[in-house]
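Asks: take a look and give me a structure for this.
(one chain, ligands or ions: 1)
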Amino acid sequence: MNLQKLSIAIAAIFLLSFIPPDKKRKFIDPANMDFTIKPGDNFYVYANGTWIRKNPVPASKTRWGAFGIIAEDNTTRLHQLMKEEANKTTPDKFKKIGDYYVSGMDSLAIERRGYQPLIPHLERINNVKTVDDILNEMVYERVNGVGATSPIGIFVAQDRKNATKYIPQMGQGGITLPDRDYYLKNDQRFVNIRSEFIANMVNMFKLTGRTDAEATRNAWAVMRIETALAKAQMPRVEMRDPYKTYNKYSWKDLSSTTPSIDWKNLAEKLMIRGADSVIVSNPSFLKSVDLLLGAVSTDDWKAYMQWHIIESAAPYLSSAFVEQNFKFNKVLTGQKQMSPRWQRVSGIIDNSMGDLLGEMYVTKYFTPEAKKRMLDLVNNLQQTFADRIKQLDWMSDATKQKALEKLNAFTKKIGYTDKWRDYTSVAIAKDDYLGNRQRLGKWAYDENVNRLGKPIDKTLWGFTPPTVNASYNSSNNEITFPAGILQFPFFDFEADDAVNYGGIGVVIGHEMTHGFDDQGRLSDPQGNLTDWWTKEDADKFKTRSNAVADLYSGFTVQDSLHLNGRLTLGENLADLGGINIAYEAFTKTQQFKEGKKIDGFTPAQRFFLGFAQVWRENILPEEAAQRVLTDPHSPGSYRVNGPLPNIDAWYNAFDVKPGEKLYKSPDQRIKIW
Ligand SMILES: [Zn+2]
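Replies: Numbers count the residues shown, from 1 in each chain. You can find the predicted model right below:
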């Protein structure tokens, strides 16, 4: 050992002994805060200001915060697992993950094939001649997992008025841009995006061998059809109404509204068998599609179908397609750099074969102890929520009784599914990335339509295990917390209760409150759309929730871009309820009762700071503008500064005084759950 190496070794030992062990890590780190701002003026910046300044959005992302950071770590873990699997010499039960990964990473082979894998699909579409051919082609592509070329989405899901039964459902769709407004509004931003969209389609069509003139003609054909579809679509806010979007038809009655489409016959071809009726979210959209089928030329419909095949396949094709796709995505979201191939491949595999990959993930990264601790937290919060309902001053005993029944009936899903999906029947080839995706698409389609006529499978999960998210499902009256979110800053075994209650505790309270938000309150303990409210209580709820909608509509994102308080209402109600419930549950803990300061903060302060750090983020302006129209969640800053001024305990914790910017007098504070 030479001297230099020896000194490095000593330095390493020296450093190690001085690196604080993980448990001494600061779960509320004053270095992330901004003490030049008063908590009562802007709590979000007070809690997160320095972190926000020091953590700009990385070039390959469009926003950056707690969710993205955990997701990135999870992706790195998934990548490691997939790589190890691909390198195994003796095949095991996860072999398909390794093979799928190889197919996605073999960029040379993908490059060599160019758009060859698309050719049979494009040619089949070229042979289309009649309206019936168009419909048959759309069915073929859907059933075979090729892509969604039909403007009408068809799937099987629980009947919202009879949650014990599956029923076919139809939704509106068919547009490429993120929302109907992109086609219909004439702000400069949308005008630019539309012209870039045309340019994108022209380039993509040219990449599949079309001439300039053909590509341009096709692009405008797609634009015309999608604009007509956008006009026919119901706006997002209206789509949130579970009654308005519940329109049950027999196949025969539905067919009488759409002369070109015989739905019974089409359902048969779609392998949707044994159902006599269907729920349609927007019946007038179906009528418009029917009219368009007759009014638009077959050539235009061919261009439309080909576009959707090309667009959905682009991420799996050669670099020319991937780069063109990214170039347009950049216009929409502002993302500067493409993420590395391994990240894109990880995302695609998680998305399409997530249960097999998820089984590998939880085996290594999720413990029964975490599940147990989480279940304890959920139970504590459920108890506290029950106490709060009993004490509500605006609700009658009759409605309270029903609300408590619903709350007590929650199903709790934590970590991962009890029953992994089985991909045994899907062929995964090391040299067929797009084909793998399509076969998995077909598998997923079959799995979905085969639910018809069977009992409700409550073991199904909508999330894969590494997902950094949580949910409430009204038809099953269930709350779900995948393993992926059970990490700092949401949850950490070593963190004090204040931080865990402010983090995952608020998330749990948020999901529970969804069962009682403006949509969730409309379904009963069994998951059926049923009005269990007295008229008077329902009116009081509406008055209070309208105040929340107005509050958020008053917030701006950039310049004059206002949040849509109606689009985000359910989420904002859930945020407000979630903090109240989690805080009250926290006041029952030893830490709160002892009241000892840690790193200079009281337990109550740590709770609110822990909550605020979950929502710290930076976001690109393009991404933010897109989300204002499409995302039912408010931006991070308003998820903090929106609800807190309505919570008395926050005023006490930080001594917030009249005159400070977030201050509201006690009678202005909105109280619901
Ligand atoms: Zn939510």
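
Asks: just confirm residue 431 is within a helix.
Replies: No: counting by DSSP: H, G, I helix; E, B strand; the rest coil, residue 431 is located in no helix; its state is coil.

Asks: list the contacts for residue 66?
Replies: Residues near residue 66 by Cβ atoms under 8 Å, 6 or more residues apart in numbering: 489-490, 613-617. Bear in mind the C-beta positions are built from the backbone N, C-alpha and C, glycine included.

Asks: from these, which two are the most distant?
Replies: 490 and 617 (14.2 Å; Cβ to Cβ).

Asks: which one's more surrounded, the two?
Replies: residue 490 (27 against 22; other Cβ atoms under 10 Å).

Asks: the more buried one touches residue 504, doesn't it?
Replies: Yes: if you go by Cβ atoms under 8 Å, residue 490 and residue 504 touch, sitting 4.4 Å apart.

Asks: before we move on, back to that, so which of the contacts of residue 66 are in strands?
Replies: residue 617 (DSSP state E).

Asks: now render the contacts of residue 66 as JSON lines, adding distance to the ion.
Replies: Formatted as JSON lines, the contacts of residue 66 follow (distance: Cβ to the ion, whole Å):
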{"residue": "489", "distance to the ion": "18"}
{"residue": "490", "distance to the ion": "14"}
{"residue": "613", "distance to the ion": "18"}
{"residue": "614", "distance to the ion": "13"}
{"residue": "615", "distance to the ion": "13"}
{"residue": "616", "distance to the ion": "18"}
{"residue": "617", "distance to the ion": "16"}
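
Asks: contacts only, for the closest residue to residue 446 other than its chain neighbours.
Replies: Nearest non-adjacent residue to residue 446, counting by Cβ to Cβ, 6 or more residues apart in numbering: residue 271, 7.5 Å away. With contact taken as Cβ under 8 Å, 6+ apart, residue 271 is in contact with 143, 446, 449.

Asks: repeat that for residue 649.
Replies: 583, 604.

Asks: what of residue 523?
Replies: Shown in contact with residue 523 (Cβ under 8 Å, 6+ apart): 160, 163, 242, 474-475, 477, 529-530.

Asks: one more: residue 64?
Replies: 55-58, 617-619.

Asks: quick one: secondary structure of residue 165?
Replies: strand.

Asks: what about it, how many neighbours?
Replies: 14.

Asks: that one reaches residue 159, doesn't it?
Replies: Yes: the criterion here is Cβ under 8 Å, and residue 165 meets it with residue 159 at 4.8 Å.

Asks: stretch 321-328: which residues count as buried?
Replies: 321-322, 324-326, 328 (16 or more other Cβ atoms under 10 Å).

Asks: which ones among those residues map onto helices?
Replies: Applying DSSP state H to the buried residues of stretch 321-328, the entries found in helices are 321-322, 324-326, 328.

Asks: possible to save those residues as TSV with pLDDT?
Replies: Below are these laid out as TSV (pLDDT from 0 to 100):
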residue	pLDDT
321	98
322	98
324	98
325	98
326	98
328	98
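
Asks: can you name the helix or strand that residue 278 falls in?
Replies: Using DSSP states H and E, the element containing residue 278 is strand 277-280.

Asks: how far away from the center of its chain is the helix or strand following that strand?
Replies: Downstream of strand 277-280, the next assigned helix or strand under DSSP H and E is helix 283-295. Chain-centre distance of helix 283-295: 29 Å, with Cα atoms, centre = their mean, to the nearest Å.

Asks: and what of stretch 312-321?
Replies: Per Cα atoms, centre = their mean, the centroid offset for stretch 312-321 relative to its chain is 24 Å.

Asks: check the burial of residue 253 by counting its neighbours.
Replies: So residue 253, with other Cβ under 10 Å, has 12 neighbours.

Asks: and the contacts of the helix or strand containing it?
Replies: Using DSSP H and E, residue 253 falls within helix 251-257. Helix 251-257 is touched from outside by 249, 261-264, 267, 276-278, 280, 283, 286-287, 290, with contacts defined as Cβ under 8 Å, 6+ apart.

Asks: now render these as TSV, adding distance to residue 641, neighbour count and pLDDT.
Replies: Output for those, formatted as TSV (distance: Cβ to Cβ, whole Å; neighbours: other Cβ atoms under 10 Å; pLDDT from 0 to 100):
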residue	distance to residue 641	neighbour count	pLDDT
249	45	18	98
261	49	19	96
262	54	16	96
263	49	25	97
264	53	16	96
267	49	20	96
276	51	10	93
277	46	15	96
278	44	22	98
280	40	23	98
283	40	15	98
286	42	23	98
287	44	14	98
290	47	18	97
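
Asks: got the phi and psi for the residue of the stretch 1-150 of the chain found nearest the ion?
Replies: Of all residues in the stretch 1-150 of the chain, residue 67 sits closest to the ion, at 12.6 Å by Cβ to the ion. Note on residue 67: backbone dihedrals following degrees, to the nearest 10 are phi -60, psi -50.

Asks: give the contact list for it.
Replies: 468-469, 617.

Asks: near the ion, which residues of the stretch 551-673 of the chain?
Replies: 571, 574 (Cβ under 5 Å from the ion).

Asks: tell me which stretches of the stretch 551-673 of the chain form helices.
Replies: 569-586, 590-594, 603-614, 621-630, 636-641, 648-654 (DSSP state H, counting those that start in this stretch).

Asks: other residues contacting the shortest one?
Replies: Read that as helix 590-594. Contact with helix 590-594 is made by 496-498, 586-587, 603-604, as judged by Cβ under 8 Å, 6+ apart.

Asks: export those to TSV and tack on pLDDT and neighbour count?
Replies: Below are the contacts of helix 590-594 laid out as TSV (pLDDT from 0 to 100; neighbours: other Cβ atoms under 10 Å):
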residue	pLDDT	neighbour count
496	97	20
497	97	20
498	98	28
586	98	26
587	98	15
603	98	24
604	98	20
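
Asks: circling back: partner strands of the strand holding residue 278, with direction?
Replies: Here strand 277-280 is paired, per DSSP bridges, with strand 162-172 (parallel), strand 247-250 (antiparallel).

Asks: pick the most buried one from those strands.
Replies: strand 162-172 (a mean of 19; mean count of other Cβ atoms under 10 Å).

Asks: list the buried residues in the helix or strand following that one.
Replies: As assigned by DSSP H and E, the chain's next helix or strand after strand 162-172 is helix 181-184. For helix 181-184, a neighbour-count test (16+ other Cβ under 10 Å) marks 182-183 as buried.

Asks: elements contacting the next helix or strand after helix 181-184?
Replies: Later in the chain than helix 181-184, the nearest helix or strand by DSSP H and E is helix 188-207. Where contact means 3 or more Cβ pairs under 8 Å, 6 or more residues apart in numbering; DSSP states H and E, helix 188-207 is packed against helix 181-184, helix 212-232, helix 298-313, helix 319-333.
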